[in-house]
Each structure stands twice: as structure tokens, then as C-alpha cells.
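Asks: attaching a predicted model along with its sequence, questions to come.
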Amino acid sequence: MVKSKKKIITALLVCTIASGLVFAETADAHSYSIPNKAWNNPGHGAPVLHPGSVKGAGMRKEPLQEIDEVLRNAIEEKTTPGAVVLVARSGHIVKQQAYGDAARYVDDSFTEMETPVAMQNDTIFDVASISKIFTTVAAMKLVEKGAIQLDAPVAKYIPEFAVNGKEAVTIRQLMTHTSGFTAWIPLHSQGETREDRLQLVYAQPLEAQPGSSYTYSDLNMITLGAVVEKLSGKRLDQFVKDEITQPLGMKDTMYNPPASLKNRIVATEFQPEIGRGLVWGEVHDENAWSLDGVAGHAGVFSTAKDLGIFAHMILNEGRYGGKRILKPKTVQLLSENQIPEFAGDDHGLGWELNQGWYMDALSGPSSAGHIGFTGTSIVINKKNQTIAILLTNRVHPTRNTISLNVVRRDFVRRVADAIPAPIPKRTDAWFSGYGDKLNRNLLLDVRKEVKELSFNTWYELEKDSDFGVVEASKDGVVWSEIGARLTGTNTKWSNVKVAIPKGTKHVRFRYETDASVNGRGWYVGDIKLNGKVANPISDSTDWENRNY
């Protein structure tokens, strides 16, 4: 009797029954070894970012090579003149590459330069709103020193802020965009000096009650940057240099780069309406420009490699090599959702979280990142110790171009696909693939009466938007779902059993997606009908036979 109980416990470690679908994490499902450094198991990370091999990072080269086509197509379609990408996992830089031109046009009519400036791996970009995460880290340095309290009112540090309903706005609400501020005001057309324009921000009335809604607002970070300046006694650019970039060795990261670096910097927008002409070597954002190039919401210039160092510091819980920039508890605050009440707007302190619209298959509760209006983005997936940085000059020569969001998703999707799924080696598995508005079928013929379908599976799908469905049919025309729809993630290669209705002649696995975001996908293997191996009808499927 004891032996019988042990067998039952071994064979069925976890069992969940839902609408006829039985999930069981079985001994059989894990009798084969999972690939080294597979999805969510990145292995031990290096203390610093360094050139590495794809194999050493536990990744696959083919999806990384496909990134080249993604960027070349974007350049050909005039989504952007050029780009630089950096991909790293566990400290291994597996791809760092430049495409197209850093400067190509002289005006917004797309008049080409006589000698365009080619993009290089070390080209410097105006990273726009990615500056916000530098401002937040700067503020958290002062939190660690006890100079700032997260839940203290901003007016405690800037008394003139306490007007027009802002008395109760807190530092935390600035960082999470829940202060009630409007999204933007045209500072560049008001005031005479930097201080004049900061005072205009302090005097700005709220659009909503503090804490009652989420509105992404540059005014939050302009104010936060001013708090850093007030309490540190240094202008924001100097504080960021002293406390963050210089200790990290980020030599190509700065505000207001010198004219001598112009040929290493991407050109951005032609802005004659405010008397600027082609913006090249100066901050693109009009409000940051009017704040002398130094502001909490924009103004940072950087390279892909430097941003990779900054991101790796976050992945390493605030340490980079021998330098500690933040305490582990502080990094945890940055990357934990602070506003669960605003579903879909997940936000740490300064960092955006789980934003599938640009993080795509790397998105998840522990995924952090930010984008910049000039065409920049950074995504960090903590569980996979993965960094995906895409820097473009998509506003050159005008912001009125094709949206970059599809390119952002396509880039990150290939980074994710380069990380092998946790499918046991030598398993004959089928993969659903990626794409928008999919309806992909993996079909089985049922040659005689069967009572049960069993299969092993792993999936990571956009929760409540993309689904894996098991269906049955008597005639191959009318189909009915059997069991629950799969969505979200099941974390491990697991066994599933489904009861088959009497008279069934066909069974299929159907993968359906919505209009944009994809997860890492759906894998199905070890398919059996009544305990006997059943092979899909290969010429009827657009699934891919693979175990990675």
C-alpha cells in the first residue's frame, strides 16, 4: 500500500481540474533534461557586461540574425534612417550592431545630405524619455541617504509647489505618474529663464485628484529633477554624473554634449517653427531645450553600450562590478508594481513594467523598461537576465513618420525567441509561432473511438488576449471546445489530459491571437490518443515542428 501511494505521488505532483482539462506535472514530463539556460533559467550572471558568445548566453543565433532584416526593412520603409541594437543575457553581449545612417537629411522635405553620416556601434543618441529612469535613480540615491521620503509631499522640499491643489502630491506619485498632473504644457513658449519655467511647472494646477488616476506626464519628472537639485545642491546633470554615470564608467552618457562630439551624435528633427532648424547635437525635446538642456524628463544622451551597463546594474540589484549604485531593496522598489489599482499601467518607481505593446514576448510582471519619443527603447527581463536595447533616430527629419512600435515589438520578439523554451531535449514538439490575429491549427485524425487525449505542453501567452484551445469535431466542419482555454503561463512543461466526446473524428489544437502583443508562444508535444502516440497531419498545419 505504501509503494502504491508513492507511485501516485511521483506520477502526479500537481493536478488542477478545470472545465474538463486536467493539468498534471508528471514524472514523465521531466524525465528528459531541459536545455541549459532555457527560458527563465539564465544561469549565473557576470558582474559586468562583456562581449560574449551566443552559446555562452544559452541563446540561439538564428533569431538574433533575423533582427538584421527587421531593421533593414524599417530603414527601407523610411520608418527610421538608422538604428543601433544591443542584446545581452547574463552579462554576455550577444549582438551589438549598427544599421543605416545617423544623419541623412537637411530638412523635413527629406533633402539628402551630400555626405550622410553612417551609424556606428558607438553612435550617441538623444534618448529622450529614457532620461526619466536616470532622474528616478538619482532621486533614489537621495532616498537612500534619508534626504527624501517617498511618501512625503513634494511641497516639503519645494514649498512653492503647494498651490492649485498640489499640497498633498507625494514624491512617489511623481515617480508613478499618479500625481494628477496634465501630460504636458508648452514651457518652451513661456518664461525667459530656466527658473521661470520651473516656476510655471510648480504653479500648474492638477487635472485630477492626486492618486485618483494614471496620466503619463513630463511635469512629474521635471518636478522630481528639481527636487534632486534642491536637496543635492547640484544641477541634475552634475548629480547624475557624480552619482551614476561616472562610477559606472558610462563615459558616453551626458547632458548637453560638446560640439566636438557632433559627428558621433544622431541628427533628430527639423524644427523651423521654433527657430531651431535641424536639431543635431542638442536635445530634441522642446521643453528640455528651454530648460537649458537639463531636465528630469529628457536631456540624456547615451550609447547602446552605456545603456546596457546601466541596465545590467539594475539586473545585478544595484551593483556593477565593484561599484554599488543602489541597494538591492531600492532596486526592488524600482521594479515592483506600485500602482496595481491601475490595471495595464503597471509602474515601478520611474520604470514601466509589463508593457507588452513594446516589450512583446519579453513582457511579464518582472519586465521593466522605458521608451523615448526620439525612437529609443530599453527592455529588461529579470527572469531571463536579458537586456534588449533599440536606439533609432526615427524623428529624423520629422516626427510625422511611420510608428516605430511594430519594429520595437519585432525586435524584442526575436530576442525572446533566441532564448530556448523549457522543452525537454529530444522531445518531438510543435510550436504555434508568432503573429497578430492568428488562427493556427494543429490537426489530428481520430481513426477509431477514443476517450482521452493527452499531451505535454508549455505556454507563455498574453493573458486574456491570446489563447490556446483544444477542439473536437465529428465532421471536420463544426468544432467545439473541449476543456478550458489556455492563457497566461504554466511555467513548466506539464501533462494535460482531455476527455474526448463520443463520435469525434477530428481533434485540433488552435492558437488564436489578438491584434498586437505576442508572448513566447505555445508548445505541444508527446501527443497521445488513448495512450498511443498520435502524429499531427503535417500538411494541414502552419505550426512549426521544433523543441526550442
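Replies: Looks like it came in fine. Numbering: from 1, shown residues only.
Asks: quote the end-to-end distance of stretch 75-94.
Replies: Start-to-end span of stretch 75-94 (Cα to Cα, to the nearest Å) is 22 Å.
Asks: kindly report the same for stretch 260-279.
Replies: 15 Å.
Asks: quick one: buried residues of it?
Replies: Arg264, Ile265, Val266, Ala267, Thr268, Glu269, Phe270, Gln271, Arg276, Leu278, Val279 (16 or more other Cβ atoms under 10 Å). Any C-beta I mention is one placed from the backbone N, CA and C, and that applies to glycine too.
Asks: who's in contact with the fifth one?
Replies: Right, the one you point to is Thr268. Thr268 makes contacts with Asp126, Val279, Trp280, His284, Thr374, Asn393, Val395, His396, as judged by Cβ atoms under 8 Å, 6 or more residues apart in numbering.
Asks: hang on, it in a strand?
Replies: Yes - looking at Thr268 with DSSP: H, G, I helix; E, B strand; the rest coil, it is inside a strand.
Asks: now do the same for it: its pLDDT.
Replies: Note for Thr268: predicted pLDDT of 98.
Asks: list the contacts for the nearest residue to it once chain neighbours are set aside?
Replies: Nearest non-adjacent residue to Thr268, counting by Cβ to Cβ, 6 or more residues apart in numbering: His284, 4.2 Å away. His284 is in contact with Asp126, Ala128, Thr268, Glu269, Ala298, Phe373, Thr374, Val395, counting by Cβ under 8 Å, 6+ apart.
Asks: neighbour-wise, give me the winner out of those residues.
Replies: Across those, neighbour numbers were computed from other Cβ atoms under 10 Å; Asp126 holds the maximum, 33 neighbours.
Asks: you'd agree that residue is up against Phe373?
Replies: No - Asp126 is beyond contact range of Phe373, at 9.4 Å (criterion: Cβ atoms under 8 Å).
Asks: which residues do these two both contact?
Replies: Contact with both Asp126 and Phe373 is made by residues His284, Ala298, according to Cβ under 8 Å, 6+ apart.
Asks: could you dump the contacts of His284 into JSON lines and include secondary structure and distance to Gly43?
Replies: Formatted as JSON lines, the contacts of His284 follow (DSSP: H, G, I helix; E, B strand; the rest coil; distance: Cβ to Cβ, whole Å):
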{"residue": "Asp126", "secondary structure": "strand", "distance to Gly43": "35"}
{"residue": "Ala128", "secondary structure": "helix", "distance to Gly43": "34"}
{"residue": "Thr268", "secondary structure": "strand", "distance to Gly43": "39"}
{"residue": "Glu269", "secondary structure": "strand", "distance to Gly43": "43"}
{"residue": "Ala298", "secondary structure": "coil", "distance to Gly43": "37"}
{"residue": "Phe373", "secondary structure": "coil", "distance to Gly43": "36"}
{"residue": "Thr374", "secondary structure": "coil", "distance to Gly43": "35"}
{"residue": "Val395", "secondary structure": "coil", "distance to Gly43": "39"}
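Asks: and the strand or helix carrying Phe125, what other elements does it pack with?
Replies: In the assignment (DSSP states H and E), Phe125 maps to strand 125-126. Packing partners of strand 125-126 (3 or more Cβ pairs under 8 Å, 6 or more residues apart in numbering; DSSP states H and E): strand 300-302.
Asks: and the next element down the chain from the strand it packs on?
Replies: Using DSSP H and E, the next helix or strand after strand 300-302 towards the C-terminus is helix 304-315.
Asks: shaky segments in this structure?
Replies: For the chain, applying pLDDT under 70 flags the ranges 1-32, 540.
Asks: 90 instead, please
Replies: Scanning the chain with the threshold set as pLDDT under 90 gives 1-35, 366, 401, 426, 445, 447-448, 483-484, 491, 537-542, 547.
Asks: what's the single longest strand in it?
Replies: Secondary structure assigned by DSSP state E gives strand 92-105 as the longest strand of the chain.
Asks: list the helices and strands that strand packs on?
Replies: Judged by 3+ Cβ pairs under 8 Å, 6+ apart, the packing partners of strand 92-105 are strand 50-51, helix 61-76, strand 82-89, strand 112-118, strand 267-270, helix 304-315.
Asks: mind listing the strands that strand pairs with, and their directions?
Replies: Here strand 92-105 is paired, per DSSP bridges, with strand 50-51 (parallel), strand 82-89 (antiparallel), strand 112-118 (antiparallel).
Asks: so how far is it off the chain centroid?
Replies: 19 Å (Cα atoms, centre = their mean, to the nearest Å).
Asks: between helix 61-76 and it, find me the angle.
Replies: Angle of strand 92-105 versus helix 61-76, following axes from the mean of the first three to the mean of the last three Cα atoms, to 10 degrees, is 10 degrees.
Asks: please report how far Gly350 lies from Leu334.
Replies: Taking Cβ to Cβ, to the nearest Å as the measure, Gly350 falls 6 Å from Leu334.
Asks: isn't there a strand covering Tyr358?
Replies: No - per three-state DSSP, Tyr358 lies outside any strand segment and is helix.
Asks: can you pull the contacts of it?
Replies: Per Cβ under 8 Å, 6+ apart, neighbours of Tyr358: Gly369, Ile371, Ser377, Val379, Asn405, Arg408, Arg409, Val412.
Asks: one step back: quick check: neighbours shared by Gly350 and Leu334?
Replies: In the contact map built from Cβ under 8 Å, 6+ apart, the residues linked to both Gly350 and Leu334 are Thr136, Val137.
Asks: between the two, which one's more packed in?
Replies: Ranked by neighbour count (other Cβ under 10 Å), Gly350 and Leu334 place Gly350 first, with 28 against 21.
Asks: doesn't that one fall inside a helix?
Replies: No - under three-state DSSP, Gly350 falls outside any helix and is assigned coil.
Asks: quick one, phi/psi of it?
Replies: phi 90, psi -40 (degrees, to the nearest 10).
Asks: which stretches in the stretch 201-350 of the chain count as helices?
Replies: Assigned by DSSP state H, counting those that start in this stretch, the helices in the stretch 201-350 of the chain fall at 218-232, 236-240, 246-248, 286-290, 304-315, 328-334.
Asks: adding distance to Tyr99, write those out as CSV.
Replies: Formatted as CSV, the helices of the stretch 201-350 of the chain follow (distance: least, Cβ to Cβ, whole Å):
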stretch, distance to Tyr99
helix 218-232, 29
helix 236-240, 29
helix 246-248, 26
helix 286-290, 27
helix 304-315, 12
helix 328-334, 31
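Asks: how close does Tyr511 get to Ile419?
Replies: In this view, Tyr511 and Ile419 are 20 Å apart by Cβ to Cβ.
Asks: let me fix that, I meant to ask about Ser232.
Replies: 40 Å.
Asks: for Val496, same thing?
Replies: 23 Å.
Asks: between those two, which is the more surrounded one?
Replies: Ile419 (28 against 22).
Asks: pretty sure the more buried one sits against Leu64.
Replies: No - assessed by Cβ under 8 Å, Ile419 is found out of contact with Leu64, at 10.4 Å.
Asks: just say helix, strand or coil for Gly435.
Replies: Assignment for Gly435 (three-state DSSP): coil.
Asks: contact partners for the closest residue to it other than its chain neighbours?
Replies: Spatial nearest neighbour of Gly435, chain neighbours left out: Thr513 (6.5 Å); criterion: Cβ to Cβ, 6+ apart. Contacts of Thr513 were listed using Cβ under 8 Å, 6+ apart, and they are Gly435, Asp436, Lys437, Leu438, Glu462, Ser465, Asp466.
Asks: please work out how many residues are found near the third one.
Replies: Number of residues near Lys437 (other Cβ under 10 Å) recorded here: 9.
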